[in-house]
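> Build the 3D model from these lines:
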Amino acid sequence: MAEEILRLENINYSYIDGGYERQILKDLSYTFEKGKFYTILGPSGSGKTTLLSIIAGLDTAKSGEIYFEGKNIKEIGLHKYRRNAISIVFQQYNLISYLTGLENVMLAMSETDNKLPKDRKNVAYNLLERFGIVRSKADRMVNQLSGGEQQRVAIARSLASNVDLIFADEPTGNLDTATEREIIAIFKELSQEFGKTIIVVTHSNTVSEMSDLRVLLKDGKLNEL
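Presented below is the predicted three-dimensional model:
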């Protein structure tokens, strides 16, 4: 039986829009398993990014609970949860432009309490190389790299802190189809070889078709497709 890593229980979220309360998530419950690659699909405005923000501890639900490895993330502490349990890959990469690819990855290593190897520089180089960023490119400022290369740096950075959960919000939205497939192949590798749980919000059928489980967010609830 697969091991549970993240459990959502009765999550509710709403906001005021033009004087009316608009409920986005309604008693949403779902369990994510360790080492699986999930895609969350849904129409625009269905709350996919909001849900990702909530399970990443960046936003707070109006009610409901989230458990990471059986422990409530409020008990863990949201800062500690974000620092040691999760990484996020963004559509816009969110790299620090005045740093090199290597420096971006090493910075992530300095911002976690997780146990990491002592030779962090070599580990960072090796991570980047595994995802197609050779040393000469790793030493360039990230704004000198292509979009696909920057996203590879962002993925290497997400792994550098040795977390178990990797979230991604439209990570291939700015990439061409060939590069998109390469990035998704990396996500598959992360789940299959590294045992990471990958949760990707996407509009892309290419992305969703390559995932282990496709989950639809509609009418405030998550249902497997």
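
> mind listing the helices for this structure?
Under the criterion DSSP state H, helices of the chain are mapped to 48-55, 73-76, 78-84, 101-110, 120-130, 135-138, 147-160, 177-194, 205-209.

> same for the fifth one, what does it pack against?
Counting contacts by 3 or more Cβ pairs under 8 Å, 6 or more residues apart in numbering; DSSP states H and E, the secondary-structure elements packed against helix 120-130 are helix 101-110, helix 135-138, helix 147-160. Placement of C-beta: from N, CA and C, glycine included.

> Would you tell me which of these gets closest to Leu213?
Among those, helix 147-160 comes nearest to Leu213, with 19.8 Å by Cβ to Cβ.

> Of the helices and strands packed on helix 120-130, which stretch is the most buried?
helix 147-160 (a mean of 24; mean count of other Cβ atoms under 10 Å).

> quick check: angle from that one to helix 101-110?
On the basis of axes from the mean of the first three to the mean of the last three Cα atoms, to 10 degrees, helix 147-160 is oriented at 30 degrees to helix 101-110.

> and the most centrally placed residue in the chain, what is it in contact with?
Taking Cα atoms, centre = their mean as the criterion, Phe167 is the residue nearest the geometric centre of the chain, at 1.2 Å. Listed by Cβ atoms under 8 Å, 6 or more residues apart in numbering, the contact set of Phe167 reads Leu52, Ile55, Ala56, Ile86, Ser87, Ile88, Val89, Ile199, Val200, Val201.

> 7 Å instead?
Residues in contact with Phe167 (Cβ atoms under 7 Å, 6 or more residues apart in numbering) are Leu52, Ala56, Ile86, Ile88, Ile199.

> quick one: terminal-to-terminal distance for stretch 154-168?
Start to finish, the residues bounding stretch 154-168 are 10 Å apart (Cα to Cα, to the nearest Å).

> just stretch 199-217 next, same as before
13 Å.

> Residues contacting that stretch, please?
For stretch 199-217, the surrounding residues in contact (Cβ under 7 Å, 6+ apart) are 32, 36-42, 46-49, 51-52, 167-172, 177, 180-181, 184, 187-188, 191, 222-225.

> Can you mark which positions in that stretch are buried?
Buried positions in stretch 199-217, judged by neighbour count with 16 or more other Cβ atoms under 10 Å: 199-202, 204, 207-208, 210-211, 214-217.

> Dump the helices of the chain to CSV, plus distance to Ile16 and mean pLDDT.
Shown next, in CSV, are the helices of the chain (distance: least, Cβ to Cβ, whole Å; pLDDT from 0 to 100):
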stretch, distance to Ile16, mean pLDDT
helix 48-55, 14, 93
helix 73-76, 24, 95
helix 78-84, 24, 93
helix 101-110, 36, 91
helix 120-130, 43, 90
helix 135-138, 46, 94
helix 147-160, 34, 88
helix 177-194, 36, 86
helix 205-209, 32, 88
